[in-house]
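>>> model the structure of this input:
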Amino acid sequence: MSVTTTTAGKSKVAEAVSAANEATVAATTRAYEQTAGATTRAYEQTAGQASAGLETAQAKMKDGTEKAMKTAEDFMAFSQGNLEAFAKSGQIWAAGMQDISKQVAATAQASIEQTLSTFRALTGVKSLRDAVELETSLARSAVEKTMSESGRLTDASMKLAEQTLAPLTARVTLAVEKYSRTQ
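Residues are numbered from 1 along each chain as shown. A predicted model of the protein is given here:
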């Protein structure tokens, strides 16, 4: 009996060890599956967050690039307007200077003609008194014309300066309005 009991006891121990091994394998398998499942879920969640973060970063980068391009385009358009204003200002100045030069030339021509006329008249005077009167008249006339022409040329020059600066002033005003706003 003792051999039977021993064999039966060994068989029960073997069964118990086998059952324990199976329980351990089952518990280990469950733990592995749970760990693997948790790891997979964590990986998928992290990958999803990384993907969302990457998409957000790409969207912000695209938006920033578009804003930078828009700003560059606005700057180029504004600079083009500045060049046009400088060109227009130069044209106004050139035309105005041409007009003023014509006025000065016409005034000089009229002065020369008056002086020549006075000298012709002097050649035909019969008395010193007539000569002095002609010279006094010429001098008075020359001073009066010089004063009136100086005033007229000063007014024309001031008006030309205002007209020449008008396109540039408009660009400065536009720049202040456009770039002083809070973006």
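
>>> alpha carbons only for contacts and neighbour counts from here, please
Fine.

>>> near Glu162, how many other residues are there?
13 (other Cα atoms under 10 Å).

>>> ok, it to Ala156 distance?
Distance check for Glu162 against Ala156: by Cα to Cα, to the nearest Å, it reads 10 Å.

>>> so where is this structure shaky, pLDDT-wise?
Using pLDDT under 70 as the threshold, the predicted model of the chain has low-confidence ranges 1-6, 9, 182-183.

>>> can you give me the domain boundaries for it?
The record assigns the chain these domain ranges, following automatic domain parsing: 1-65, 72-183.

>>> just these: most buried one?
The highest mean neighbour count among the domains of the chain, using mean count of other Cα atoms under 10 Å, belongs to domain 72-183: a mean of 14.

>>> what residue lies at the spatial centre of this structure?
Taking Cα atoms, centre = their mean, the centroid of the chain lies closest to Phe75, which sits 3.0 Å from it.

>>> remind me which helix or strand that one belongs to.
Of the helices and strands defined by DSSP states H and E, Phe75 is found in helix 2-123.

>>> and the next element down the chain from that helix?
Assignment by DSSP H and E places the next element after helix 2-123 at helix 128-179.

>>> now the angle from that next one to helix 2-123?
170 degrees (axes from the mean of the first three to the mean of the last three Cα atoms, to 10 degrees).

>>> which secondary structure elements does helix 128-179 sit against?
In terms of contacts (3 or more Cα pairs under 8 Å, 6 or more residues apart in numbering; DSSP states H and E), helix 128-179 is packed against helix 2-123.

>>> ok now the helix it packs on, how far from the chain's centre?
The offset between the C-alpha centroid of helix 2-123 and the centroid of the whole chain comes to 18 Å, using Cα atoms, centre = their mean, to the nearest Å.

>>> name the helices or strands packed onto that helix?
Helix 2-123 is packed against helix 128-179, with contacts defined by 3+ Cα pairs under 8 Å, 6+ apart.

>>> that older thread, how about the contacts made by the residue nearest to the centre of the chain?
Neighbouring residues of Phe75 by Cα atoms under 8 Å, 6 or more residues apart in numbering: there are none.

>>> any idea how far Thr65 is from it?
Distance, Phe75 to Thr65, by Cα to Cα: 15 Å.

>>> check Ala175 too.
As defined by Cα to Cα, Ala175 lies at a distance of 23 Å from Thr65.

>>> then Ser111?
The gap separating Ser111 from Thr65 is 68 Å, by Cα to Cα.

>>> Glu113 too?
Glu113 sits 71 Å away from Thr65, going by Cα to Cα.

>>> go on, Ser141?
From Ser141 over to Thr65 the distance is 72 Å, taken as Cα to Cα.
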